[in-house]
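sequence below, structure please.
(one chain, ligands or ions: 2)
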Amino acid sequence: MRAFVDLHLHIDGSISLENARQLASLQQIAIPDSEDALRSLLQVRDGCCDLNEFLGKFSFPCSLLQTKEALKKATETLLKELHAQQVSYAELRFAPQKHSDTLCQKQAIEAVLEGMAKGPIPSALILCCMRDKGNEEENLETLSLAKEFQGKGVVAIDLAGAEALYKTNEFGYIFEKARKENIPFTIHAGEADGPQSIWDAINFGATRIGHGIRAIEDPVLMEELAKRKIPLELCPTSNVCTGLYKDLRDYPLRAFLDKGIVVTINTDDMSVCGTTLSLEFEKLKEALQLTGEEIAVLQENAQKAAFSKE
Ligand code: ADE
Ligand code: ZN
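Ligands and ions are numbered 1, 2, ... in the order given. Model prediction:
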């Protein structure tokens, strides 16, 4: 039984200080000695920000993740850390096109899969396409690699990046093909952009939604998500870090639960947000006085919503 499940976790956003030091030493890359200085490279400052500033925090960890050895080691270390945090299954995600200084996308994926195979807990991989302009070829390559590695560790694709700058409806070219090729997908939607982004994602055929919290602004959408039982990968602390909520006491989780929407709790980016899965639950428990029953529902939702049922 998978007791404690994280379905939405970016590898590059979840590189701990120790992991970063190990990667830097492996590659003889100079990084700050001071704990605080290193942390400020990996983690957003308090009172950050918006999603665009938040996404700026990924350039440092990505710079440490440009070789096969580094990607493999980082993934294995991350899974060891998750195991130590009592996480029993994780769906990791990353965008292979962000690790192509010297590697091709396929090599980057192989390296992460090798790291996953060495990890102490079961895991599956979601490949992120990126919201950008002029990267259609890279996104389609990611999709075709998802097909190649489907059943070999890769379970789905995703669309990550600056949602407000590059709207979901611009990316039909990826998801029409994914649907034809039977590749399941989740899409980051309803995070920096409003409910229309979630409508676009479900109209494309997304079977899960990354974040989706801004569905709260649209009662018809809330009904639709409940009726169709489309799981939302909520990431509460991340939503505070990107300025969506000032305080978790304002987080509308209970409205989703009360409506019967399949919500799950996830970390998104453990190091960028300074969080862990157990911390997410602790903070929600305190902020919203979640009951044991509600916590059990959230955890059961995550087990059922996993792309991999193995
Ligand atoms: N990449 C990493 N974290 C992300 C987030 N919260 N939204 C969009 N893209 C991301
Ligand atoms: Zn995310």
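
next, work out how far apart Ala117 and Ala160 are.
Going from Ala117 to Ala160 by Cβ to Cβ, to the nearest Å gives 24 Å. (C-beta placed from N, C-alpha, C; glycine too.)

Leu140 too?
Distance of Leu140 to Ala160, computed by Cβ to Cβ: 16 Å.

who has more neighbours, these two?
Neighbours per residue (other Cβ atoms under 10 Å) separate Leu140 from Ala160, with Ala160 holding more: 23 against 14.

what residues does this structure put near ligand 1?
10, 13, 51, 160-161, 188, 191, 238, 268-269 (Cβ under 6 Å from any ligand atom).

low-confidence stretches in this protein?
When residues are selected by pLDDT under 70, those of the chain lie in 1-2, 310.

what about the residue of it at minimum distance from ligand 1, which SS state?
Relative to ligand 1, the nearest point of the chain is Ala160 (3.6 Å; Cβ to the nearest ligand atom). Secondary structure state of Ala160, per DSSP: H, G, I helix; E, B strand; the rest coil, is strand.

that one is in contact with Thr186, isn't it?
No. Distance between Ala160 and Thr186: 10.0 Å, which falls outside the contact criterion (Cβ atoms under 8 Å).

buried stuff in the longest helix along the chain?
Determined from DSSP state H, the single longest helix within the chain is helix 68-84. Applying a neighbour-count criterion of 16 or more other Cβ atoms under 10 Å, one finds 68, 70-79, 81-82 buried in helix 68-84.

circling back: so which strand or helix has the closest residue to the residue of the chain closest to ligand 1 other than its chain neighbours?
Leaving aside its sequence neighbours, Ala160 sits nearest to Cys128 (Cβ to Cβ, 6 or more residues apart in numbering; 4.3 Å). Cys128 belongs to strand 123-131 when assigned by DSSP states H and E.

now the angle from that strand to helix 68-84?
Interaxial angle of strand 123-131 relative to helix 68-84 (axes from the mean of the first three to the mean of the last three Cα atoms, to 10 degrees): 120 degrees.

which strands or helices does strand 123-131 pack on?
Using 3 or more Cβ pairs under 8 Å, 6 or more residues apart in numbering; DSSP states H and E as the contact test, the elements touching strand 123-131 are strand 89-94, helix 105-118, helix 136-148, strand 154-161.
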